[in-house]
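**Student:** Could you work out the structure for the sequence below:
(chains A and B)
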Amino acid sequence: MEKTFLKKIFAQAVSNISPDLVYYLEFDIPKNPDHGDLSCNIAMRLARVLKKSPRDIAQDIIGNLKYNSDDIENIEIAGAGFINISFSKNFYCKLFDTVRLEGSRFGKSSIGTGKRVNVEYVSANPTGMLHLGHGRNAVIGDSISNLYDWAGYEVTREYYFNNAGNQMNNLGASIYARYMQMTSPSFPFPEDGYHGDYIKLIAGEIRQEFGDSLESGSDENMTRIRKFGEKWCFKNINATLEKMNIYQDEYYNEDSLYSSGKIDELLSGFKSRNISYEKDGAVWMRLTELGLENDRVIVKSNGEPTYRLPDMAYHIEKFKRGYDLIVDVFGADHIATIPDVLAAVDFMGYDKEKVKVLIYQFVTLSENGVQVKMSKRTGKSYTLDQLLDELGGDVVRFFLLNRSISTHLEFDLGLAKEQSDKNPVFYLQYAHTRICSVIDKANEKNISIAEHCNYHLLTNDKETALIKQLLRFPNVLSIATEKHEPHIVADYLRTCASAYHKFYQNCRILSNDLDLTNSRLHLANMTKYVLSNGLNILGINAPLRM
RNA sequence: GCGCCGGUAGCUCAGCUGGAUAGAGCAACAGCCUUCUAAGCUGUAGGCCAUAGGUUCGAAUCCUAUUCGGCGUACCA
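**Tutor:** All right, here's what the predicted structure looks like:
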């Protein structure tokens, strides 16, 4: 906001020196507050081009600047040739006053208006319970969807799953084995079966509902068991997601790609264009011709496609459904498939630049510095569901979102369990609560927030600092969206909450000075919007009371 | 071997489209509650940004090499 304001003024001055140098114009927020509100390094960047000393160039530029001294308090040359700009408190108050009118819509943008984005996340097959890694996937996908929503896009939140094939048979066989073991304990368990305790739960429920009537293991019975298991798992997965406030729009079944003939269609397309060939009884794709390292099998010699083929068909389907942007949220273990899919998409004539694949790194769980095993075999294992029951959705979501997606995430169970000031989630929520509380108090005293705001009264350092933070919000959202990094929002909210707490500490909001009270209420109210909007994007509740 | 991600305070991590004295949370230490929620605020301490070279006026940030850790590298998904 302030940047665009400055850019106009500076562009004028720089183009007076030479029009084609405006390109070099950039503003940064200096780390050190002594260096002003914004700082410009153009003089140093131009030193070589103009063959003059940076400080001379800076002097030149400043000489050409035309600005209102009510807005800009000070412009000075510092260090090697930085131009540091300090705005007046009044300037910030004025900006605040315009932004204040946006109210709860503050932060929304329209850059995505008319564009459709598909965000695919979770996408766990119905063969088990979600674990913490799925949780990371889910909250990243959900928050990124929210960010796109705020940027004005029409968002489809999609879940891709496969309820056919080997792993489902395996699920059925595993449940059947546990079911049988209930009456004949020595019944063999499939070698690569699913070992989790939930299989026993499912088997128990089946025995309760069907008694021993499924023991024959006939095809019909196995289907019934498998379907029961699938339903059970999906119900479970959705219940878990619900605890994190995640609701998706589309459930896309991989199997439908087969039944609708999409797979065959793609396959014959590949064949007719000679990008695939047969070798050793399998169908290979000439990925080396598309610039990749190796050719890959797309149909195994037993006639079953590998995972690559439906992945390709699925992405092409997404294109055909008319999305302007296709976002996939994948764990680091799925990285291998991406180049293949993109190559196929590209080969089939679609713009692969529209596909953004977000790879998040793994999650580990630790308590007091000791890693907690999440494997299904050990006694102490955590499913996402258990974690949610123990910690609540807000805490789990915050911890999973508070890290950059490209970095390995260590989930500190000890800190997460902490229901006190140590837990960083509560810091944000508490700031929101405090604001609500003050506004309630004001209402009790029959002070309601007036339409008009005497913004020029907000000149305490803590007030200005808070205003500056609030003004950053739209920009923070756009950066977070662009980089696909929800943690940027979480980070920002912390500094924002901190600015509010400091303001609260130093400035009494409710006083006998009605004008000042009103102005401060406006500031508090705006902070409330920013906090609740930001928390909302992260899928975390903004409580009225704690 | 090759590919991707990472190595920053005691711990967990920001900062990485190059900028001025490297930040936060937790842990440690010292303060602040007759006044709007102390789940808050204020202060102290803590660092050869994995290592070595290079590019530059300037490098945690870019390049090269080395090293350590995670994940891949299937006719598993």
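**Student:** So which residues make contact with the helix-or-strand element of chain A with minimal mean pLDDT?
**Tutor:** Using mean pLDDT, DSSP states H and E, the weakest-scoring helix or strand in chain A turns out to be strand A:370-372, at a mean of 84. Outside strand A:370-372, the residues within contact range by Cβ atoms under 8 Å, 6 or more residues apart in numbering are A:Thr364, A:Leu365, A:Ser366, A:Lys380, A:Tyr382, A:Leu413. Yep, even glycine has a C-beta here, placed from its N, CA and C like the rest.
**Student:** Among these, which ones are in helices?
**Tutor:** Secondary structure assignment by DSSP state H places A:Leu413 of these in helices.
**Student:** Sort out which one of the contacts of strand A:370-372 lies nearest A:Asp255 for me.
**Tutor:** Within the set of the contacts of strand A:370-372, A:Tyr382 lies nearest A:Asp255; the separation is 30.9 Å, counting by Cβ to Cβ.
**Student:** Tell me which strands the least confident helix or strand of chain A pairs with, and in which orientation.
**Tutor:** Here strand A:370-372 has these sheet partners by DSSP bridges: strand A:363-367 (antiparallel).
**Student:** Using CSV, list the CA coordinates for the strand it pairs with.
**Tutor:** Once non-C-alpha atoms are left out, strand A:363-367 reads as follows in CSV (Å, rounded to 0.1, in the frame of the first residue of the first chain):
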residue,chain,number,x,y,z
VAL,A,363,6.1,-35.1,9.8
THR,A,364,7.5,-36.7,12.9
LEU,A,365,5.9,-36.7,16.3
SER,A,366,8.1,-36.0,19.4
GLU,A,367,7.4,-35.6,23.1
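**Student:** buried ones in it?
**Tutor:** Buried residues in strand A:363-367, counting neighbours by 16 or more other Cβ atoms under 10 Å, are found at A:Val363, A:Leu365.
**Student:** before we move on, back to that, can you tell me which two in the contacts of strand A:370-372 are farthest apart?
**Tutor:** Of all the pairs that the contacts of strand A:370-372 form, the one spanning the most space (Cβ to Cβ) is A:Thr364 and A:Lys380, at 13.7 Å.
**Student:** hey, what's in contact with both of those two?
**Tutor:** When contacts are counted by Cβ under 8 Å, 6+ apart, A:Thr364 and A:Lys380 are jointly contacted by no residue.
**Student:** ok, A:Ser184 - contacts?
**Tutor:** Contact analysis of A:Ser184 by Cβ under 8 Å, 6+ apart lists nothing.
**Student:** How many neighbouring residues does the residue in the stretch 101-250 of chain A positioned nearest to RNA strand B have?
**Tutor:** Proximity of the stretch 101-250 of chain A to RNA strand B (Cβ to the nearest atom of the strand) peaks at A:Asn162, 5.3 Å away. For A:Asn162, the count of nearby residues is 19 (other Cβ atoms under 10 Å).
**Student:** Touching, it and A:Asn253? I think so.
**Tutor:** Yes - counting by Cβ atoms under 8 Å, A:Asn162 touches A:Asn253, with 7.4 Å between them.
**Student:** Secondary structure element holding the residue lying closest to A:Glu215 once chain neighbours are set aside?
**Tutor:** Computed as Cβ to Cβ, 6 or more residues apart in numbering, the closest residue to A:Glu215 that is not its neighbour in sequence is A:Met180, at 6.7 Å. Under the assignment given by DSSP states H and E, the secondary-structure element containing A:Met180 is helix A:166-181.
**Student:** In this structure A:Leu25 contacts A:Thr4, no?
**Tutor:** No - A:Leu25 is not in contact with A:Thr4 according to Cβ under 8 Å; the separation is 11.4 Å.
**Student:** So which of these two has more stuff around it?
**Tutor:** More neighbours surround A:Leu25 than the other of A:Leu25 and A:Thr4, with 19 against 8 (other Cβ under 10 Å).
**Student:** Enumerate every residue touching the more buried one.
**Tutor:** Listed by Cβ under 8 Å, 6+ apart, the contact set of A:Leu25 reads A:Lys7, A:Phe10, A:Ala11, A:Val14, A:Cys40, A:Ile42.
**Student:** Please list only the buried members of those residues.
**Tutor:** When burial is judged by neighbour count using 16+ other Cβ under 10 Å, the buried members of these are A:Lys7, A:Phe10, A:Val14, A:Cys40, A:Ile42.
**Student:** which residues of chain A score low on pLDDT?
**Tutor:** Segments of chain A classed as low confidence (criterion: pLDDT under 70) are A:374-380.
**Student:** Okay, buried residues for stretch A:333-352 please.
**Tutor:** Judged by neighbour count using 16+ other Cβ under 10 Å, the buried positions of stretch A:333-352 are A:Thr337, A:Pro339, A:Asp340, A:Val341, A:Leu342, A:Ala343, A:Ala344, A:Val345, A:Phe347, A:Met348, A:Tyr350, A:Lys352.
**Student:** could these be laid out in TSV, adding distance to A:Leu457 and secondary structure?
**Tutor:** Supplementary listing: these in TSV, determined by distance: Cβ to Cβ, whole Å; DSSP: H, G, I helix; E, B strand; the rest coil:
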residue	distance to A:Leu457	secondary structure
A:Thr337	59	helix
A:Pro339	59	helix
A:Asp340	62	helix
A:Val341	58	helix
A:Leu342	56	helix
A:Ala343	61	helix
A:Ala344	62	helix
A:Val345	57	helix
A:Phe347	64	helix
A:Met348	62	coil
A:Tyr350	57	coil
A:Lys352	55	helix
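**Student:** ok, which of those residues also contact RNA strand B?
**Tutor:** Cross-checking those against RNA strand B (Cβ under 7 Å from any atom of the strand) gives A:Thr337 as the overlapping residues.
**Student:** what about A:Ser39, is that helix, strand or coil?
**Tutor:** Three states are possible here, and by DSSP: H, G, I helix; E, B strand; the rest coil the one that applies to A:Ser39 is strand.
**Student:** got it, and the one 4 residues further on?
**Tutor:** The assignment at A:Ala43 comes out as helix when based on three-state DSSP.
**Student:** Isn't it up against A:Gly81?
**Tutor:** Yes - counting by Cβ under 8 Å, A:Gly81 is a contact partner of A:Ala43 at 4.2 Å.
**Student:** out of these two, which sits in the more crowded spot?
**Tutor:** Taking neighbours as other Cβ under 10 Å, A:Ala43 and A:Gly81 compare with A:Ala43 leading, 25 against 21.
**Student:** Could you tell me which residues make contact with that one?
**Tutor:** For A:Ala43, the residues meeting the contact criterion (Cβ under 8 Å, 6+ apart) are A:Pro54, A:Arg55, A:Ile57, A:Ala58, A:Ile61, A:Ile77, A:Gly81, A:Phe82, A:Ile83.
**Student:** Out of these, which sit inside helices?
**Tutor:** A:Pro54, A:Arg55, A:Ile57, A:Ala58, A:Ile61.
**Student:** Throw these into JSON lines and include neighbour count and distance to RNA strand B, thanks.
**Tutor:** Listed next are the ones in helices among the contacts of A:Ala43 as JSON lines, based on neighbours: other Cβ atoms under 10 Å; distance: Cβ to the nearest atom of the strand, whole Å:
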{"residue": "A:Pro54", "neighbour count": "22", "distance to RNA strand B": "7"}
{"residue": "A:Arg55", "neighbour count": "18", "distance to RNA strand B": "11"}
{"residue": "A:Ile57", "neighbour count": "24", "distance to RNA strand B": "11"}
{"residue": "A:Ala58", "neighbour count": "27", "distance to RNA strand B": "11"}
{"residue": "A:Ile61", "neighbour count": "23", "distance to RNA strand B": "14"}
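**Student:** Touching, A:Ala78 and A:Asn32? I think so.
**Tutor:** No - no contact is recorded between A:Ala78 and A:Asn32 when judged using Cβ under 8 Å, the distance being 9.9 Å.
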